[in-house]
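In: Please work out how this folds:
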Amino acid sequence: MYEHFFQCPYCWEEISVLLDPSVSQQTYIEDCENCCNPMEFEVSFQNNELISFEVHNIEQ
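Out: Numbering: from 1, shown residues only. Just a heads-up that it's a prediction; the model follows:
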């Protein structure tokens, strides 16, 4: 597992997420551990190294 730190697009708190480098392309939704708002993650790995990480708020 790979721990990555980023800022929540809602509350701007720095939080971390655990990523699985065995899956090269990932898109999923997870709630912020601080403010509980849903975020969409788009993650890419190549040779077990993180090459792209994006997180977006989900307008509700």
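In: Just list the residues touching the nearest residue to residue 38 once chain neighbours are set aside, thanks.
Out: Using Cβ to Cβ, 6 or more residues apart in numbering and skipping residues adjacent in sequence, the residue nearest residue 38 is residue 58, 4.6 Å away. Every C-beta, even on glycine, is put in place using the N, C-alpha and C of the backbone. Under the criterion of Cβ atoms under 8 Å, 6 or more residues apart in numbering, the contact list for residue 58 reads 29, 37-40.
In: can you do 10 Å?
Out: When contacts are counted by Cβ atoms under 10 Å, 6 or more residues apart in numbering, residue 58 touches 9-10, 29, 31, 37-40.
In: who wins for most neighbours among these?
Out: Neighbour counts for the contacts of residue 58 peak at residue 39, which has 20 neighbours (criterion: other Cβ atoms under 10 Å).
In: mind checking how far whichever helix or strand that one is part of is from the chain centre?
Out: Assigned by DSSP states H and E, residue 39 falls within strand 38-46. Between the centre of strand 38-46 and the centre of its host chain there is 5 Å, according to Cα atoms, centre = their mean, to the nearest Å.
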